[in-house]
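Novice: Coordinates for the following, if possible.
(one chain, ligands or ions: 1)
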Amino acid sequence: MRRALELAASVAGTTNPNPHVGAVVLDADGVVVGEGATEPAGGAHAEIVALRAAGERAHGGTLVVTLEPCRHHGRTGPCTTAIAGAGIRRVVMATGDPSPEAGGGAGLLRDQGVDVAVGVLADAVRRELQPWLTAVGRGRPYVTWKYAASADGRIAAADGTSRWITGPEARVDVHRERAMVDAVVVGIGTVLADDPQVTVRDWPAQRQPLRVVVDTHARTPVDARVIDATASTLLAVGDVAEPAAVSALEATGATVVQLPTADQRVDLRALLTALYEREVRSVLLEGGARLAAGFVRLGLVDRVVGYLAPVLLGAGPSALADIGVATLSAAPRLRLAEVVRVGADVRITTQVEPEPA
Ligand SMILES: NC(=O)c1ccc[n+]([C@@H]2O[C@H](COP(=O)([O-])OP(=O)(O)OC[C@H]3O[C@@H](n4cnc5c(N)ncnc54)[C@H](OP(=O)(O)O)[C@@H]3O)[C@@H](O)[C@H]2O)c1
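Specialist: Next comes the predicted model:
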């Protein structure tokens, strides 16, 4: 299972909208005869790759796989059929698949006479697959909010300048985070202030994440870098946006989606639903402070990655705008997951614990 997990990790960020899974096949004598990891969407699932590598030697053998094999016809056929057809006698899996259409493979395999064990290295595999498992369980993308701030928690100086608070290593690290997600989300305030391109440049990426701008009134300039030709862009505008402004943005080639508004602003729950329907399972929210506050207020942030630079600003916007916390006891508490030095800066990763069911 450790090897299967390694195989899974090697294809993280390349399998959208499928989970990144690893599999190992052992022959009847316990010798490894096949390995596999999920191919990009439309390609084979990890189990199939490993079974193909094993060929006849899979007969009477064991399949070790990080996630419960699927039992449905998606873009590919059900893995459960292929596993039973290959003569596998025993399947060892780490964790179940919570998706209604694909889950239930373990039961189906047992019905076909295959011996099934569940729960091996389950915690480690769940950590690796957490964004996907959370997304599928909730029917909305897993949201990581990222910010880069001074040591006193400010994301821009008083004059609005924010490039570059953190050093080159932290910026490369942000591109690594972008390469792992399906979509990067920014607010119109950030687009107007910084004109960012929001692409993966400093990290090897097999695909560019979808760029998303949250822009109630369709104010994105038609020559904004975020709608250039280097990647796809979705402009999430409100149902209050002027039709002429919407048409002008559509003419740029960007996808414009009109969403309901709440308090005169794009309804962020509706935005996440629209993204999920477009097969987005993970989102990197890159601010700014007001959009991040909108997500936090609604409990839509799952993980927070903060880069803190050894610089003081004293004035300028803080990382997060008002989230309605008036007193300390009302503040949302996060779980500290990791603290790492990145170049001259520090990366602090915290997680929002899910509400108890
Ligand atoms: N250091 C960093 O990590 C970092 C990262 C990003 C940005 N920044 C800095 O942050 C500043 C921009 O931040 P900002 O707060 O002004 O802008 P922002 O958060 O990028 O965008 C805020 C705008 O998004 C729109 N919006 C639409 N729906 C919303 C909703 N439901 N909730 C909240 N906002 C919604 C609103 O404008 P409409 O009502 O017109 O739609 C709102 O004014 C810039 O100075 C930039 O340099 C720093």
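
Novice: gap between the residue lying farthest from the centre of the chain and residue 1?
Specialist: The C-alpha centroid of the chain is most remote from residue 29, which lies 38.8 Å away (C-alpha atoms, centre = their mean). Separation of residue 29 from residue 1 (C-beta to C-beta, to the nearest Å) stands at 19 Å. For every residue, glycine as well, the C-beta is placed using N, CA and C.

Novice: quick one: the helices in the stretch 251-357 of the chain?
Specialist: Assigned by DSSP state H, counting those that start in this stretch, the helices in the stretch 251-357 of the chain fall at 268-277, 289-297.

Novice: Ok, the chain next?
Specialist: Per DSSP state H, the chain carries helices over the ranges 2-9, 46-54, 79-85, 105-111, 122-128, 130-138, 168-180, 188-194, 243-250, 268-277, 289-297.

Novice: Out of those helices, which is the most enclosed?
Specialist: Using mean count of other C-beta atoms under 10 Å, the stretch among those with the largest mean neighbour count is helix 46-54, at a mean of 24.

Novice: Give the other helices and strands that it contacts.
Specialist: Counting contacts by 3 or more C-beta pairs under 8 Å, 6 or more residues apart in numbering; DSSP states H and E, helix 46-54 is packed against helix 2-9, strand 22-26, strand 32-37, strand 62-67, helix 79-85.

Novice: Bridging across strands, which residues link to the closest residue to residue 348 other than its chain neighbours?
Specialist: Distance criterion C-beta to C-beta, 6 or more residues apart in numbering; nearest residue to residue 348, sequence neighbours excluded, is residue 306 at 4.8 Å. As for beta bridges, residue 306 partners with residue 147, residue 348 under DSSP bridges.

Novice: what about residue 306, distance to the ligand?
Specialist: 9 Å (C-beta to the nearest ligand atom, to the nearest Å).

Novice: pLDDT score assigned to that residue?
Specialist: In this model, residue 306 is scored at 98, pLDDT.

Novice: got it, and the one 3 residues further on?
Specialist: According to the predicted model, the pLDDT of residue 309 comes to 98.

Novice: Just to check, it is in contact with residue 148?
Specialist: Yes. Using C-beta atoms under 8 Å, residue 309 is in contact with residue 148, at 7.0 Å.

Novice: The two - which one has more neighbours?
Specialist: More neighbours surround residue 148 than the other of residue 309 and residue 148, with 26 against 20 (other C-beta atoms under 10 Å).

Novice: what sits against that one?
Specialist: With contact taken as C-beta atoms under 8 Å, 6 or more residues apart in numbering, residue 148 is in contact with 155, 162, 165, 166, 170, 174, 306, 307, 309, 345.

Novice: From residue 13, how far out is the fifth one?
Specialist: To tie it back to what came earlier, the one meant is residue 170. 19 Å.

Novice: and the stretch 1-150 of the chain, which residues reach the ligand?
Specialist: 147, 148 (C-beta under 6 Å from any ligand atom).

Novice: which residues touch residue 224?
Specialist: Neighbouring residues of residue 224 by C-beta under 8 Å, 6+ apart: 191, 195, 213.

Novice: which of these lies closest to the ligand?
Specialist: residue 191 (7.0 Å; C-beta to the nearest ligand atom).

Novice: Tell me the buried residues in stretch 88-105?
Specialist: For stretch 88-105, burial by neighbour count (16 or more other C-beta atoms under 10 Å) applies to 88, 90-99, 102-105.

Novice: how far does that stretch stretch from start to finish?
Specialist: One end of stretch 88-105 to the other measures 14 Å (C-alpha to C-alpha, to the nearest Å).

Novice: Kindly report the same for stretch 73-82.
Specialist: For stretch 73-82, the separation between the terminal residues is 12 Å (C-alpha to C-alpha).

Novice: Identify the residue nearest the geometric centre of the chain.
Specialist: Using C-alpha atoms, centre = their mean, the residue of the chain that lies closest to the mean C-alpha position is residue 282, 2.2 Å off.

Novice: if I read this right, it contacts residue 130, doesn't it?
Specialist: No. The criterion here is C-beta under 8 Å, and residue 282 misses it with residue 130 at 9.8 Å.

Novice: Show me whatever sits in contact with both of those two.
Specialist: residue 142.

Novice: how close does residue 345 sit to the ligand?
Specialist: 12 Å.

Novice: For the helices of the chain, give me TSV that also has mean pLDDT and distance to residue 329.
Specialist: Shown next, in TSV, are the helices of the chain (pLDDT from 0 to 100; distance: least, C-beta to C-beta, whole Å):
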stretch	mean pLDDT	distance to residue 329
helix 2-9	98	40
helix 46-54	97	46
helix 79-85	93	49
helix 105-111	93	44
helix 122-128	95	30
helix 130-138	93	27
helix 168-180	95	32
helix 188-194	94	30
helix 243-250	97	43
helix 268-277	98	26
helix 289-297	97	17
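
Novice: right, and the ones you listed - which one's nearest residue 232?
Specialist: Set against residue 232 and scored by C-beta to C-beta, the helices of the chain come closest in helix 268-277, at 12.3 Å.

Novice: and the angle from the closest one to helix 130-138?
Specialist: Inter-element angle recorded for helix 268-277 and helix 130-138: 110 degrees (by axes from the mean of the first three to the mean of the last three C-alpha atoms, to 10 degrees).

Novice: and helix 268-277, how far out from the chain's middle?
Specialist: 14 Å (C-alpha atoms, centre = their mean, to the nearest Å).

Novice: Quick one: name the residues of the stretch 201-350 of the chain near the ligand.
Specialist: 214-217, 219, 265-266, 268, 286-291, 294, 317, 321.

Novice: could you flag which of those are buried?
Specialist: Counted by 16+ other C-beta under 10 Å, those give 214-217, 219, 265-266, 268, 286-291, 294, 317, 321 as buried.
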